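S.K.: I would like the atomic coordinates for the input below:
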Amino acid sequence: MVAGDENAYRQFHEAYCQRLYRYLLVVAAGNEDTAREVLQATFIRVVRHIKRFDDEAPFWNWLTVLARTTFLDQTRKQRRYVAFLDRFTRHAHQEIPGSQNGEADTQLLALLEHNLAVLSDEERELVERKYYQRLSVREIAIADQCTEKAVESRLTRARQKLKAGLLRQLKHEPPH
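M.R.: Numbers count the residues shown, from 1 in each chain. The predicted model follows:
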């Protein structure tokens with residue numbers, strides 16, 4: 001697998017898929033959907049970070065650590081998203097200070113919430129980290145292990161999608 005051999009990956013998948021799934025069922029407290037999601041994400045991490053092991057026991061230990069951290073990452077991500085929606089809906093129900101038209105502000109916030117929900121999970125999380133958690137582009141780049149330029153490009157695309165959706169809805173145009 002380290003050398004990119006597809007047959008090696010197939011053998012790995014065949015040997016460890018069910019075993020890792022059963023492990024994740026326990027970790028996910030019996031939630032089959034979560035276990036399957038985490039299993040897929042774990043396999044992606046295995047492919048990205050595979051290394052040589054001389055024995056099966058350390059390999060299995062490495063797999064379980066990878067699976068457990070993937071589960072924890074996804075759980076945290078889900079909690080952040082739920083907290084984000086909670087903050088956003090609470091904010092949407094409050095009139096913005098200094099505003100002449102609270103109803104228009106509420107409508108605009110509802111449109112923004114709708115358009116945020118249409119973004120991909122990655123884009124929505126990126127917008128949340130930048131504008132709600134107030135992380136810098138550099139902090140996001142370090143956390144995502146990519147360049148600041150890449151983060152800026154992803155933010156620009158996400159903002160463009162939000163803007164296009166908002167403008168389309170404000171003009172009452174159907175989506176493309």
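S.K.: looking at the chain, which helix or strand is least sure?
M.R.: For the chain, using mean pLDDT, DSSP states H and E, the weakest element among its helices and strands is helix 102-118, scoring a mean of 79.
S.K.: so what are the domain limits for this protein?
M.R.: 6-75, 94-170 (automatic domain parsing).
S.K.: in CSV, list these along with mean neighbour count and distance to residue 83.
M.R.: Backbone N, C-alpha and C define where each C-beta goes, glycine included. What follows is the domains of the chain, written out as CSV (neighbours: other Cβ atoms under 10 Å; distance: least, Cβ to Cβ, whole Å):
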stretch, mean neighbour count, distance to residue 83
domain 6-75, 14, 12
domain 94-170, 14, 9
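S.K.: any idea which of those scores lowest on pLDDT?
M.R.: Note on these: lowest mean pLDDT is at domain 94-170, with a mean of 83.
S.K.: the lengthiest helix in the chain - contacts with which helices or strands?
M.R.: Assignment by DSSP state H gives helix 56-92 as the longest helix of the chain. If you count contacts as 3 or more Cβ pairs under 8 Å, 6 or more residues apart in numbering; DSSP states H and E, helix 56-92 packs onto helix 6-27, helix 32-49, helix 102-118, helix 121-127.
S.K.: let me know the angle separating it from helix 6-27.
M.R.: Orientation of helix 56-92 against helix 6-27 (axes from the mean of the first three to the mean of the last three Cα atoms, to 10 degrees) gives an angle of 60 degrees.
S.K.: and residue 113, how far from residue 130?
M.R.: 17 Å (Cβ to Cβ, to the nearest Å).
S.K.: hmm, back to that, nearest to residue 81, out of the domains of the chain?
M.R.: Among those, domain 94-170 comes nearest to residue 81, with 7.1 Å by Cβ to Cβ.
S.K.: sorry, back to before: export only the CA atoms of the least confident helix or strand of the chain, formatted as PDB.
M.R.: What follows is helix 102-118, C-alpha atoms only, in PDB (Å, rounded to 0.1, in the frame of the first residue of the first chain):
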ATOM      1  CA  GLY A 102     -35.800  44.700  11.800                       C
ATOM      2  CA  GLU A 103     -38.100  42.600   9.500                       C
ATOM      3  CA  ALA A 104     -35.700  43.100   6.600                       C
ATOM      4  CA  ASP A 105     -32.800  42.200   8.700                       C
ATOM      5  CA  THR A 106     -34.500  39.000   9.900                       C
ATOM      6  CA  GLN A 107     -35.400  38.100   6.300                       C
ATOM      7  CA  LEU A 108     -31.800  38.700   5.200                       C
ATOM      8  CA  LEU A 109     -30.400  36.600   8.000                       C
ATOM      9  CA  ALA A 110     -32.900  33.800   7.100                       C
ATOM     10  CA  LEU A 111     -31.700  33.900   3.500                       C
ATOM     11  CA  LEU A 112     -28.100  33.800   4.700                       C
ATOM     12  CA  GLU A 113     -28.800  30.800   6.900                       C
ATOM     13  CA  HIS A 114     -30.500  29.000   3.900                       C
ATOM     14  CA  ASN A 115     -27.500  29.800   1.600                       C
ATOM     15  CA  LEU A 116     -25.000  28.600   4.300                       C
ATOM     16  CA  ALA A 117     -26.900  25.300   4.500                       C
ATOM     17  CA  VAL A 118     -26.600  24.900   0.700                       C
END
